[in-house]
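Engineer: Below are the sequence and a predicted model for it; my questions follow.
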Amino acid sequence: MTDKVQGRIFGGEEVDSIIQFPFVVQVTTTLTFCSGVIISENYILTTAQCIYFNQDPIEVRAGSVVRGEGFLIPIAEAVYHPDNSFSTDYDIAYMRTETPLVFGEDMEPGVLVMTRDRTPILFNVTGWGKRGNEISNERYNVLRTLRLLTVSKRYCESEYRERSPVKENLGMTTFCGEAFDSEGGACDGDAGSPASVGYLIYGLFSFSLECKGPTVAPSVFTDLQDIEIREFITEGTGVEYENH
């Protein structure tokens, strides 16, 4: 982990095939567009903010890199963490599917992991977020992935303290990452996008101050290895973590 790196990725790279990230899904309600990650044949994770204000109807699509395409996954229920009050902490939710998913090369579960070092030095965040800070809210139509570097919570909070006192406290259940070879970062609409290395899932994107320009700050993720987040997921879904 490093205290500071230079530059950030904006836009990332277009994903050629969903086979590269078969656990990533689209999560749409009447108020939000987010991403999520399949963790078993019956459960999908996303962030609490994606369903907090509007749990019904929830449209989940899988198996395609194109926004609005792919096959629909009917959702029976959606549950967000009881300690989340639309805040930076406990930004996690799970959704139970109406019927078990049938896995193939275009739809497979990610793996929840426990590691000695908590978060990897480098990871990918993958989603369909905004094309920057434009007022038009135009989003990418094709799934994109960004390479990020884990940075310390101390550095992350100092960056937010300089730019936004409202976001000065990033909570106890988060970690931060930023890119290192160009400007930019994860954007609105990327909420719920997994932080992953291969099939290993370490977090879900929660928020950033901006995703490009002079006020850009590190991307903040819900830490899926946090003990309270982990208990919420395992007790609610029955999905166990793997040790790595």
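Structural biologist: Looks like it came in fine. Numbering: from 1, shown residues only.
Engineer: Not counting its neighbours along the chain, what's nearest residue 121?
Structural biologist: residue 150 (5.8 Å; Cβ to Cβ, 6 or more residues apart in numbering). Any C-beta I mention is one placed from the backbone N, CA and C, and that applies to glycine too.
Engineer: That neighbour touches residue 175, doesn't it?
Structural biologist: Yes - between residue 150 and residue 175 there is a contact under Cβ atoms under 8 Å: 6.6 Å.
Engineer: Quick check: neighbours shared by those two?
Structural biologist: residue 119 (Cβ atoms under 8 Å, 6 or more residues apart in numbering).
Engineer: who has more neighbours, those two?
Structural biologist: The neighbour count for residue 150 versus residue 175, taken as other Cβ atoms under 10 Å, is higher for residue 175 (27 against 24).
Engineer: Distance-wise, check the more buried one relative to residue 81.
Structural biologist: 17 Å (Cβ to Cβ, to the nearest Å).
Engineer: Residue 171 now?
Structural biologist: 12 Å.
Engineer: Same check on residue 209?
Structural biologist: Distance from residue 209 to residue 81, by Cβ to Cβ: 23 Å.
Engineer: Next up, phi/psi of the residue in the chain sticking out farthest from the centre, please.
Structural biologist: Relative to the centre of the chain, and counting by Cα atoms, centre = their mean, the farthest-placed residue is residue 162 at 24.4 Å. When read as degrees, to the nearest 10, the backbone of residue 162 gives phi -70, psi -30.
Engineer: Surely residue 88 touches residue 175?
Structural biologist: No - counting by Cβ under 8 Å, residue 88 stays clear of residue 175, with 11.9 Å between them.
Engineer: hmm, back to that, now do the shared contacts for residue 171 and residue 81.
Structural biologist: With Cβ under 8 Å, 6+ apart, residue 171 and residue 81 have common neighbours residue 90.
Engineer: In terms of packing, which of these two has more residues around it?
Structural biologist: residue 81 (21 against 18).
Engineer: residue contacts, the residue nearest to the more buried one when sequence neighbours are not counted?
Structural biologist: Distances taken as Cβ to Cβ, 6+ apart place residue 90 nearest to residue 81, at 4.0 Å, with adjacent residues excluded. By Cβ under 8 Å, 6+ apart, residue 90 lies in contact with 48, 81, 83-84, 171, 173, 222, 228-229, 232.
Engineer: Let's see that with 10 Å instead.
Structural biologist: Contacts were defined as Cβ atoms under 10 Å, 6 or more residues apart in numbering; by that measure residue 90 touches 47-48, 80-84, 171-174, 222, 226, 228-229, 232.
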